[in-house]
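Colleague: got a sequence here, can you model it:
(one chain, ligands or ions: 1)
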Amino acid sequence: MNDNVPVITLDGPSGVGKGTIAWHLATRLGWHLLDSGALYRLLALAAEQQHIALDDVAALTQMAAELDVCFRTGDEACPVYPLLDGQVVGDEMRNENCGNRASQIARYPEVRSALLDLQHGFVSLPGLVADGRDMGTVVFPHAALKIFLSASPEERARRRYKQLRHKGISASLARLSREIVERDERDRNRAVAPLVPAADAIDIDTTSIDIDGVLARVMAVVQQRGL
Ligand code: C5P
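Modeller: Okay, here's the model as predicted:
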């Protein structure tokens, strides 16, 4: 990994709007974008296609080590389009079921380690905006700027509902709320790389701030730090 390339990390729980903020930030700065959650979602999808059980750690780890993925930057509605084995992946990877399966796979340290090199490979000039759960704590501990976004579970469920509906993916708000809380619990309480802010992260509670407001705060720090 090239240590001279600046990295900005955006971590936080599901539905907080990391992907949208990361896309805006990367677009404004002209930097690359890493949607690390997509890697876990792709693994969940590939496991399903290949009939690999979600607790078959050896098979999942091997799949993670061989994952042939690249990203095409999209637009605000869909910040990143992953290509798996050169093929565009459909919207099924964005539904809550896939997110839940991804978080079950993400518990395993072996799988997480197998994805480290792949994630470091996204670092390239002029810079990288990386979003996920452990970007600032584990994957890019020396990042130039670390942001941790939070919002109430109700507000996150509402945002996720709006986002899925906008993409034409059917969803129930009550069910989404339950699933988001369940996924948060798993992500926060797992033994490796749990969802916690890095000690040197800037926390932004976005519950009552819109995207422009969050972006303005992040851009102010980006400028302060001369990035
Ligand atoms: O961010 P997204 O909702 O796409 O992530 C799906 C799941 O992948 C998360 O719930 C989490 O369990 C896992 N994940 C992770 N570490 C990351 C990104 C995502 O464990 N850096």
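Colleague: count of residues packed around Phe122?
Modeller: 21 (other C-beta atoms under 10 Å). Just so you know, the C-beta spots here come from the backbone N, C-alpha and C atoms, and that holds for glycine as well.
Colleague: that one: which element?
Modeller: Of the helices and strands defined by DSSP states H and E, none includes Phe122.
Colleague: count the neighbours of the residue nearest to it when sequence neighbours are not counted for me.
Modeller: What sits nearest to Phe122 in space, not counting adjacent residues and going by C-beta to C-beta, 6 or more residues apart in numbering, is Leu34, at 4.3 Å. A count of nearby residues for Leu34, using other C-beta under 10 Å, gives 28.
Colleague: surely Leu34 touches Asp131?
Modeller: Yes: counting by C-beta atoms under 8 Å, Leu34 touches Asp131, with 7.1 Å between them.
Colleague: run through the neighbouring helices and strands of the helix or strand containing the residue nearest to Phe122.
Modeller: Using DSSP H and E, Leu34 falls within strand 32-35. If contacts are counted by 3 or more C-beta pairs under 8 Å, 6 or more residues apart in numbering; DSSP states H and E, strand 32-35 sits against helix 18-29, strand 69-73, strand 80-84, strand 128-132.
Colleague: please identify the deepest-packed of the ones you listed.
Modeller: strand 128-132 (a mean of 29; mean count of other C-beta atoms under 10 Å).
Colleague: quick check: next helix or strand after that strand?
Modeller: Next along from strand 128-132, by DSSP H and E: strand 145-150.
Colleague: check which residues of the helix or strand following that next one are buried.
Modeller: Counting by DSSP H and E, the next helix or strand C-terminal to strand 145-150 is helix 153-166. Neighbour-count burial for helix 153-166 flags Pro153, Glu155, Arg156, Ala157, Arg158, Arg159, Arg160, Tyr161, Gln163, Leu164 (criterion: 16 or more other C-beta atoms under 10 Å).
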